[in-house]
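**Q** Give the three-dimensional model of this entry:
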Amino acid sequence: MTEALNINVTKAERSKLRDLNLENLPFGKYFSDHMLEADYENGEWKNVEIKPYQPLVLEPSLSALHYGQAIFEGIKAYKDDEGNAFIFRPYDNFKRFNLSAERMNMPILPEEIFIDGMRQLIELDKNWIPGKKDHSLYIRPFMFATDTMLGVKPSDTYKFLIILSPTGPYYSAPMKIAVEEKYTRAAPGGVGFSKNAGNYGGSMLAATEAKKHGYDQVLWTDAFEHKWLQEVGMMNVFFMINNIVITPSLEEGTILEGVTRQSAITGLKEMGYIVEERRISIDELIAAHKNGTFQEVFGTGTAATIAYIKELKYKDYIMDFDVSTWKTAPELKHWLTGIREGEIEDKFGWMYKI
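**A** Have a look, this model is predicted:
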């Protein structure tokens, strides 16, 4: 547990909740009454405050706008049946946030600002956590460079913020995915393992081109041979072949170490499955599909938790799946949702109580 941080709090005069219907919430469109803000100057974090959600005043020469020093995290908070509020695995996100900061040559954020600042912010805006099933409060911590001069060098100043967004169920239909052979998301020695803004900006063209051909997203492949599988869209990916669940290894530094990925691996092992973290090629998938042992494929991420994939396309070869017959991915999604919403015992200590 972190020590309580003394944060200056300015409360909003009027809550926007009065004007918002929490029944039908699109993802990431509405934001709560308050936000946390802190500044990094002269080698230290200062000016930590919680204040009403509001626009930022930024100069055109802002370093982040020109050189891309910007990182973020995605976390969720939930309410149980008794109205208690919990954050799902925030310490794992805190650890990853600072790994991203190190890779992007940005300052490390102290635990008390990230964890206790988040706790105090959510405690203030606790009413923004929807109490309904499959609803949550999405938490977005982020940091960006704030020097106001041009020149390719690490910034000397930074700003850290946390904003909150209530969200409803992420009922995305099973996806159609095209295996990407032209564009590259990440290469060894690059920034693929970090959650930086550029990774997402650089992925959009491939996804847009896939959508023109009727596909929802792409399955990324390696930069050299375009055959070794990495992530699906912005999610980690799992393949079930002959009752063994395989997910690409993190060893090359090209894949984000997803918190939902970690949770899924734990859950699958709890369910009795063998889970392998290793290199896997598109050739292995096609061979398994042809011999009838390729059973399920799904993505994992904060927003959707588990996202089913009903079709994979590689060149002219189509791999179709009847998701209505699946057992593993639905059981895993039920297990993870149950822990998050307090219906299944949290024996791993994942839920951080507000």
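**Q** in the protein, which segments are predicted with low confidence?
**A** Applying pLDDT under 70 to the chain flags the ranges 1-3, 171.
**Q** And the helices in it, which stretches?
**A** Remark: helices assigned in the chain by DSSP state H are 63-67, 90-103, 111, 117-124, 197-201, 204-212, 259-270, 282-290, 328-340.
**Q** okay if I get the ones you listed as TSV plus distance to Leu17 and mean neighbour count?
**A** For every residue, glycine as well, the C-beta is placed using N, CA and C. Formatted as TSV, these follow (distance: least, CB to CB, whole Å; neighbours: other CB atoms under 10 Å):
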stretch	distance to Leu17	mean neighbour count
helix 63-67	31	18
helix 90-103	23	19
helix 111	30	17
helix 117-124	12	22
helix 197-201	29	15
helix 204-212	33	14
helix 259-270	28	20
helix 282-290	47	17
helix 328-340	22	19
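**Q** Could you report the neighbour count for Trp350?
**A** 20 (other CB atoms under 10 Å).
**Q** Which residue, other than its chain neighbours, is closest to it?
**A** Arg89 (4.9 Å; CB to CB, 6 or more residues apart in numbering).
**Q** re the thing from before, any chance of the helices of the chain in JSON lines with distance to Tyr53 as columns?
**A** Output for the helices of the chain, formatted as JSON lines (distance: least, CB to CB, whole Å):
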{"stretch": "helix 63-67", "distance to Tyr53": "20"}
{"stretch": "helix 90-103", "distance to Tyr53": "20"}
{"stretch": "helix 111", "distance to Tyr53": "24"}
{"stretch": "helix 117-124", "distance to Tyr53": "10"}
{"stretch": "helix 197-201", "distance to Tyr53": "20"}
{"stretch": "helix 204-212", "distance to Tyr53": "26"}
{"stretch": "helix 259-270", "distance to Tyr53": "25"}
{"stretch": "helix 282-290", "distance to Tyr53": "44"}
{"stretch": "helix 328-340", "distance to Tyr53": "25"}
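**Q** The residue nearest to Trp350 against Arg340, yeah?
**A** No: shown here, Arg89 and Arg340 do not form a contact pair, counting by CB atoms under 8 Å, at 9.6 Å.
**Q** ok, the residue of the chain positioned farthest from its centre - contacts?
**A** Largest separation from the mean C-alpha position in the chain: Asn291, at 34.1 Å (CA atoms, centre = their mean). The contact partners of Asn291, by CB atoms under 8 Å, 6 or more residues apart in numbering, come to none.
**Q** Check the gap between it and Leu285 for me.
**A** Going from Asn291 to Leu285 by CB to CB, to the nearest Å gives 11 Å.
**Q** same check, this time on Ile318
**A** 12 Å.
**Q** which residues do those two both contact?
**A** In contact with both Ile318 and Leu285: Leu312, using CB under 8 Å, 6+ apart.
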